[in-house]
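Colleague: Next comes the sequence, and after it the predicted model I'd like to discuss.
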Amino acid sequence: MSDYELKEMSLEKISSLVKNRDPDQTEFRQAVHEVMEHVIPFVKDHKRYQRSGLLERLVEPERMVMFRVPWEDDEGNYRVNRGFRVQFNSALGPYKGGLRFHPSVNLSIIKFLAFEQTFKNSLTGLPLGGGKGGSDFNPRGKSDAEIMRFCQSFMNELFRYVSSDTDVPAGDIGVGEREVGYLFGQYKRLTAEFTGVLTGKGLAYGGSKVRMQATGFGLLYFLREMMKQKEESLEGKRVIISGSGNVAQFACQKAINLGANVISMSDSDGYIVDENGITEKKLKWIKELKNDRNGRISEYAKEFGCEFSEGKPWGITCDVALPCATQNEIEEDDAGELVKNGVSYVAEGANMPCTDAAVKAFYEAGVVYAPGKASNAGGVAVSGLEMTQNAKRLSWSYDDVDEKLVEIMQTIHKKCTDHGMEDGRINYMKGANIAGFIKVADAMIAQGHV
Ligand code: NDP
Ligand code: 2IT
């Protein structure tokens, strides 16, 4: 890069490049801003990364596919949704990332998730590129047969763009083991191949042990490392968790195992506060409610005699907050409430659940905060281990995979400390962004201007 270009390179320049291209993609622009805020000063200090076009390529997906998903509901009506797959960056390996089925899904959301995934996957140390996909299909209230027909139709188009060596999808919001099974079945039928084209599969047909638990467990393994830095532990800490889906359930389980007092979980209607603490037995009830009965979290309040309130849980006094539902669920005001009530740790189970202003509020208040690309990387890490097991046609034990997950989360924590030290404390966002960037950038430089 010439001196002229280098002088011109700034957060504003890259942000306006993205804004001019896609002015309406607010979530994607937010994710780019959060990463580039740390990457650009780093590049200015490191000549090796001052390459013409490197950052411009980093913020433009390699490929995006959008397609029609026609399906028939149980009443015989023909319905149409939109499908997406964004193949963001393949510098480190096949594109890898989940599929989200939620009515809010649009190109901006899938692009932000695929962009974040690129850095997250880099942090895992595994050979995984970054991608994401999904649909604006709303699974709420759909029958099992409708879900199956939708998944089959979605794969009728997606199968052209994925394979175990090119792009390996998995689950995310609205996509769990059942959906992965239907998607896998249809892929197999269309290609006549039994390969590891998806992860998060059932244990009977190539899934990995611990994949189901991995994101939530990994989040707590990461939090444990954060607390160790301060010579603290989870024992007796008041924890609140948003969401009550896959990530939230297993975050709750591991938090209980580590001695925490989990007092709140939520869904999109509201949250419960159980001052007696959510026990393993109560959590088992929540899992049945959410995974088998499609119930609402408000039913917990009736079952166990506690409070249910509409809205978000961030006004509850706690030591640790674990947002595990969706993007931008903690805004500046919510962060202010948490800080006022004495929160000490915030670790993201969801992707980008805290707005930029919320992250800054935590940092200024001295709250120890971890971004999802570091703290929720356990899910995709075990997906990477599932790919390895599938390629070798073998299956590791629960303890082996769990041990590897602990090691990976410890290593990611170390990368955050190595690159995030600032004024005598760890800026986890900075550390994760820079460590994630270095590996992707090195691979991109080595592979030429493509
Ligand atoms: P699930 O579909 O299993 O659960 C999602 C939970 O979040 C539900 O309780 C849901 O409530 C709630 N939720 C979803 N959207 C909203 C919304 N707009 N407002 C309020 N609540 C909402 O998804 P996961 O647990 O798999 O995913 C949760 C988060 O974790 C997502 O951000 C995802 O990207 C991230 N993640 C997931 C990984 C995985 O392996 N599954 C890995 C890494 C990150 P309701 O039922 O009412 O809709
Ligand atoms: O956001 C994520 O990391 C996931 N939804 C998991 C992706 C994966 O490929 O396991």
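Modeller: Good, I have the coordinates. Ligands and ions are numbered 1, 2, ... in the order given.

Colleague: Nearest spatial neighbour of the residue of the stretch 351-450 of the chain found nearest ligand 2, chain-adjacent residues omitted?
Modeller: Closest approach between the stretch 351-450 of the chain and ligand 2, counting by Cβ to the nearest ligand atom: residue 383, at 3.3 Å. From N, CA and C alone the C-beta is placed, and that goes for glycine too. The shortest distance from residue 383 to any residue that is not its chain neighbour, by Cβ to Cβ, 6 or more residues apart in numbering, is 3.8 Å, and that residue is residue 199.

Colleague: right, and the helix or strand after the helix or strand of the chain with the lowest mean pLDDT?
Modeller: Ranked by mean pLDDT, DSSP states H and E, the helix or strand of the chain with the weakest confidence is helix 3-8, at a mean of 52. Toward the C-terminus, helix 3-8 is succeeded by helix 11-21 as the next helix or strand (DSSP states H and E).

Colleague: Who are the packing partners of that next one?
Modeller: Here helix 11-21 touches helix 26-45, helix 54-58, going by 3 or more Cβ pairs under 8 Å, 6 or more residues apart in numbering; DSSP states H and E.

Colleague: As JSON lines, the ones you listed with distance to ligand 1 would be great.
Modeller: Formatted as JSON lines, the helices and strands packed on helix 11-21 follow (distance: least, Cβ to the nearest ligand atom, whole Å):
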{"stretch": "helix 26-45", "distance to ligand 1": "12"}
{"stretch": "helix 54-58", "distance to ligand 1": "21"}
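
Colleague: would you list those in a markdown table and tack on mean pLDDT?
Modeller: Compiled in a markdown table, those are given as follows (pLDDT from 0 to 100):
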| stretch | mean pLDDT |
| --- | --- |
| helix 26-45 | 98 |
| helix 54-58 | 97 |
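
Colleague: can you put those helices in CSV and add mean neighbour count and distance to residue 132?
Modeller: Supplementary listing: these in CSV, determined by neighbours: other Cβ atoms under 10 Å; distance: least, Cβ to Cβ, whole Å:
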stretch, mean neighbour count, distance to residue 132
helix 26-45, 20, 11
helix 54-58, 18, 16
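
Colleague: for those, which one sits closest to residue 158?
Modeller: Go through the helices and strands packed on helix 11-21 one by one with Cβ to Cβ and the one that ends up closest to residue 158 is helix 26-45, at 21.1 Å.

Colleague: Would the closest one count as contacting ligand 2?
Modeller: No: contact between helix 26-45 and ligand 2 is absent, the nearest approach being 12.4 Å (criterion: Cβ under 6 Å from any ligand atom).

Colleague: Who are the packing partners of that helix?
Modeller: The helices and strands touching helix 26-45, judged by 3+ Cβ pairs under 8 Å, 6+ apart, are helix 11-21, helix 54-58, helix 107-124, helix 356-364, helix 428-446.

Colleague: quick one, that helix and helix 356-364 angle?
Modeller: Relative orientation of helix 26-45 and helix 356-364, computed by axes from the mean of the first three to the mean of the last three Cα atoms, to 10 degrees: 50 degrees.

Colleague: Report the distance from helix 26-45 to the chain centre.
Modeller: Mean C-alpha position of helix 26-45 versus that of the full chain (Cα atoms, centre = their mean, to the nearest Å) differs by 18 Å.

Colleague: Convert the C-alpha atoms of it to CSV, please.
Modeller: What follows is helix 26-45 as a C-alpha-only set of coordinates in CSV (Å, rounded to 0.1, in the frame of the first residue of the first chain):
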residue,chain,number,x,y,z
THR,A,26,-27.4,-1.8,9.6
GLU,A,27,-26.4,-5.1,11.4
PHE,A,28,-23.7,-5.8,8.9
ARG,A,29,-22.4,-2.3,9.1
GLN,A,30,-22.4,-2.5,12.9
ALA,A,31,-20.4,-5.8,12.8
VAL,A,32,-17.8,-4.3,10.4
HIS,A,33,-17.4,-1.2,12.5
GLU,A,34,-16.8,-3.3,15.7
VAL,A,35,-14.1,-5.3,14.1
MET,A,36,-12.4,-2.5,12.1
GLU,A,37,-12.2,-0.3,15.1
HIS,A,38,-9.4,-2.5,16.4
VAL,A,39,-8.1,-3.9,13.2
ILE,A,40,-7.3,-0.6,11.5
PRO,A,41,-5.0,0.8,14.3
PHE,A,42,-3.3,-2.7,14.4
VAL,A,43,-2.7,-2.6,10.6
LYS,A,44,-1.3,1.0,10.9
ASP,A,45,1.3,-0.4,13.3
